[in-house]
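# Need coordinates for the below:
(one chain, ligands or ions: 3)
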Amino acid sequence: MPIAQVIVDVPTSQTNTPYSYGISDQLLDIIQVGMRVLVPFGRRQVVGFVVKLTDNQTFSGKLKNIIAPVDLQPVLNKELLQLARWMAADTYSFLISCLQTIIPGGMRTKAKKFLTVTDEAVLGDNADIFQGHAQIEYVAKELDKSQLKRISSLIQQGLVSEHYSLSNHAHQLTQTAIKAAKSEVELTKIQDELPNNAKAQWRLLELLKQGTEPILQTEAANHKITGSTIKLAEQKGWLTKIQVAKNRNPFTSAVTKSQPLTLNPEQANAVQTINASIDRGANQTFLLEGVTGSGKTEVYLQIIANALQQGKTAMLLVPEITLTPQIVGRIRSRFGEQVAMMHSSMSVGERFDEWRRIESGAAKVVVGVRSAVFVPLDNIGVIIMDEEHDSSYKQEENPRYQTRDVAKWRGAYHKCPVVLGSATPSLETRARAGKGVYQRLVLAHRINDQALPEVEIVDMKQEIAGGPDSDLSASLLTAIEMKLKRHEQIILMLNRRGYSSFVLCRNCGFVPKCPNCDISLTYHKDLGQLKCHYCGFTRPMPRKCDQCGSTKLRQLGMGSQKLEETVNRLFPTARVLRMDVDTTRKKGAHERIIKQFSEQQADILVGTQMIAKGLDFPNVTLVGVLNADTGLEFPDFRSSERTFELLTQVAGRAGRADKAGQVIIQTFNPDHYAILLAQTQNYEEFYRTEMKVRHAGKYPPYYFTVKITLSAENEKQVVAQSFAVLNQLQQRLSPNAVILGPTPKVIKRINRRYYYQIIIKYRQEPTLSTTLTELLNQAQQKSKSGIQIGIDNEPMDFM
Ligand code: ADP
Ligand code: ZN
Ligand code: ZN
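Numbers count the residues shown, from 1 in each chain. Ligands and ions are numbered 1, 2, ... in the order given. Below is the predicted model:
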């Protein structure tokens, strides 16, 4: 009797060892590896993934049987199952959370599944299942085994399709179409017999004669054929009505076709080298290091074209922030309908449709954010990661995977090259290229040898403090005025990493804090509220100080909203747009702001980091950075790298076309190397300087790192547990490993929980992996007593 090995989804007793279940005869042909199934677990019924089917009965007790399949087709193929196993080991997480991460969001628990009939005939033959409805909700246990068998074969034949939706209906996904019920000859005969005034019927018959493909009712309407004409024709038996699935199209605007550009010599060299690797099927990693505006995207487009020509597929990953309509438009205008997009702001249904298009082979190019690295693309010819240094590629919750590593794993599986592109590569990547582990390809020049923008550094300590507009230096004010006069555009960026505007009592110095977290509340002027950015706590803006009752409450710090107000006041005739988390919350808002700005409906774009990356506005000639150094004050070994990267990126927004660009950086640390080197956009010099700092501090890329975070509501408990973990590590690891902590996190208390951390820095620790895996398994027991333990392999920061 065959046995299914199933990884079950039970939060408190997770294990990476599968449980065995029997398969009843009726389900034999239905259950496949990679499907989700409903199984008995203790007294409950839980969902699990079938990871293997075996025949040998090693289990001696009586096996329980699988109750029902949750999916009618596997949701994970062999490659992705294998990937999940590797990822669980690499990120110290449970297999079940990796499996859940790999399938698209919509397939996880909350979504409902619908079956849609795409051919009328199916309804009649399967009345017991569909009961005359073109669409039904699929609930695993409601159908018997013979019905399941029929449905899975109908799906295989393409007569029934599956959809996921978070709402109670997925019916917006189907539309009515008509299909000829008679042959062309018969239809012509009917046409000939029509009275002269039956023009609409004549047009309908003409349309029906055109082919066998279903005609959408909306299409018929374009030919001035009304619903009543169709109804009449249906009654006469000329046609049948059917429901066809309609793909939700996540692309909102149509695009015009673009042609490959003639490459400059550096681009051509990069394209040739990578293409040779694609053609050979070589699993090789490239670092494409190109200054901003050097034409990296055109290189991506041309290597993707080559992969397609070879009959292969391609994946282009971009950071969350840069997946803008601009880049999507550029890809789509080259590759059209073959492109699938994966973005977190798409609806569950939209993502699922794209996933199916990829799985079925209809989409051959995928452009998407972090999670798109898991799409079921087959026969991959090249994987590209744009802005490979970007921190959004690291997932900050379980499983804490680094997209770059997943991309490399898939590259090895598909025997294809992986291209890491950046103007400011991560130190890890650049160091590997230096050692020859990666092949380095350099684009040192901007397109048309356009000069890099001139960067001026303004020392804010020298600016007269206290003036009402001291947020904007004299140089910046003058420059804005000049650009406005010339009708050129301006970007003003506020570096808001860990920075917020808070309220201070000028009488006693009191700052309102969150009652649940160790953090000051942020003032939101539009809402008249104070808000905690960590737990969501809000309270109305107080009129009086909580502590002394004074009314002298003053807003400190600078928010983008306040900056917008200042700019509006100083330049009343300028048209100002703001882009930050508040103005882009609504779906499509981000897109709209970019469109307005690129159509020059505004003169000044004010915003946060969001505006630093990836955007290409030819008319922008001035970029001002209001506070370059807020990131530098962070107690984190990557703060210089982040600051350098951000300033280089934002400076790259200026002067991208034929007009020269100007950048003004305001800072309190004008002598800091990250700022000075960003001024000349000298990445290589920054790399050398920063490597020395990293070497001295035993930081990556010289050392590997692991961060262990412990939290509990009771501080004593978490401290005691942290020392127990420390003890365990000290006993198991070699004296060469550096173990730091336990120390409270920078923000010690969040949402009523206390957070402590331990950092491990090491070069070679053969026992580390087993030690951490043990810790992971113990952590589950601990979670029952309220302690949570998280392990982060190669964390992005030590905070
Ligand atoms: P990067 O991604 O390196 O910042 P982009 O790919 O956005 O640079 O290129 C900058 C601009 O140069 C874009 O407007 C692009 O269309 C244009 N461009 C790129 N390659 C060429 C080329 N070979 N010839 C002409 N224009 C090009
Ligand atoms: Zn006070
Ligand atoms: Zn809070």
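# Show me the contact partners of stretch 756-774.
Outside stretch 756-774, the residues that touch it by CB atoms under 8 Å, 6 or more residues apart in numbering are 89, 92, 698-699, 702-711, 718-719, 722, 725-726, 728-729, 732-734, 736-745, 791, 798. The C-beta positions use only the backbone N, C-alpha and C, and glycine is treated the same way.
# So which of those residues are in strands?
704-711, 738-745, 791 (DSSP state E).
# For those residues, which PyMOL command selects only the ones that are buried?
Selection of buried members from those for PyMOL, criterion 16 or more other CB atoms under 10 Å:
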select buried, resi 704+705+706+707+708+709+710+711+739+741+742+744+745+791
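# Relative to ligand 3, how far out is the closest residue to I151 other than its chain neighbours?
Leaving aside its chain neighbours, I151 sits nearest to L72 (6.0 Å; criterion: CB to CB, 6 or more residues apart in numbering). For L72, the distance to ligand 3 equals 44 Å [CB to the ion, to the nearest Å].
# How about stretch 440-456 and ligand 1, any contact?
Yes. Applying CB under 6 Å from any ligand atom, one finds stretch 440-456 in contact with ligand 1 at I447.
# So what's the gap between that stretch and the chain middle?
29 Å (CA atoms, centre = their mean, to the nearest Å).
# dump the residue contacts of R36.
Contacts for R36 were tallied using CB under 8 Å, 6+ apart; they are V47, G48, F49, V50, P69, V70, D71, V75.
# So which of those residues wins on neighbours?
Neighbour counts for the contacts of R36 (other CB atoms under 10 Å) peak at F49, which has 29 neighbours.
# quick one: it and L76 touch, right?
Yes. F49 lies in contact with L76 (CB atoms under 8 Å); the separation is 7.0 Å.
# Find residues that contact each of the two.
With CB under 8 Å, 6+ apart as the test, F49 and L76 both reach G34, L99.
# which residues of the stretch 601-750 of the chain fall in helices?
639-651, 673-679, 683-696, 715-732 (DSSP state H, counting those that start in this stretch).
# Of these, which stretch is the most buried?
helix 639-651 (a mean of 25; mean count of other CB atoms under 10 Å).
# circling back to that earlier point, among the helices of the stretch 601-750 of the chain, which comes closest to ligand 1?
Nearest to ligand 1, of all the helices of the stretch 601-750 of the chain, is helix 639-651, at 9.3 Å by CB to the nearest ligand atom.
# what's that closest one packed up against?
strand 620-625, strand 662-667, helix 673-679, helix 683-696 (3 or more CB pairs under 8 Å, 6 or more residues apart in numbering; DSSP states H and E).
# what's the last one packed up against?
The reference is to helix 683-696. On the basis of 3+ CB pairs under 8 Å, 6+ apart, helix 683-696 makes packing contacts with helix 427-434, helix 639-651, helix 673-679.
# now the helices and strands packed on helix 639-651 in JSON lines, with distance to A340 and mean pLDDT?
Formatted as JSON lines, the helices and strands packed on helix 639-651 follow (distance: least, CB to CB, whole Å; pLDDT from 0 to 100):
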{"stretch": "strand 620-625", "distance to A340": "31", "mean pLDDT": "90"}
{"stretch": "strand 662-667", "distance to A340": "36", "mean pLDDT": "89"}
{"stretch": "helix 673-679", "distance to A340": "36", "mean pLDDT": "91"}
{"stretch": "helix 683-696", "distance to A340": "33", "mean pLDDT": "95"}
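# closest one to I380 among the ones you listed?
helix 683-696 (29.3 Å; CB to CB).
# does any part of the closest one sit near ligand 1?
No. Interface with ligand 1: helix 683-696 contributes nothing (CB under 6 Å from any ligand atom), its closest point being 12.9 Å away.
# So what angle separates the directions of that helix and helix 427-434?
If you take axes from the mean of the first three to the mean of the last three CA atoms, to 10 degrees, helix 683-696 sits at 110 degrees to helix 427-434.
# Give me the contacts around helix 683-696.
With CB under 8 Å, 6+ apart, helix 683-696 has contacts from 289, 291, 423-425, 427, 430-431, 637, 640-641, 644, 648, 673-674, 677-678, 699-702.
# Near ligand 2, which residues of the stretch 501-650 of the chain are found?
Residues of the stretch 501-650 of the chain lying close to ligand 2 (CB under 5 Å from the ion) are C505, N507, C508, F510, C545, Q547, C548, S550.
# Just the buried ones from the residues you listed?
Neighbour-count burial (16+ other CB under 10 Å) applied to these gives C505, F510, C545.
# Now tabulate those in CSV and tack on distance to ligand 3, secondary structure and pLDDT.
Shown next, in CSV, are those (distance: CB to the ion, whole Å; DSSP: H, G, I helix; E, B strand; the rest coil; pLDDT from 0 to 100):
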residue, distance to ligand 3, secondary structure, pLDDT
C505, 20, strand, 82
F510, 17, coil, 84
C545, 20, coil, 91
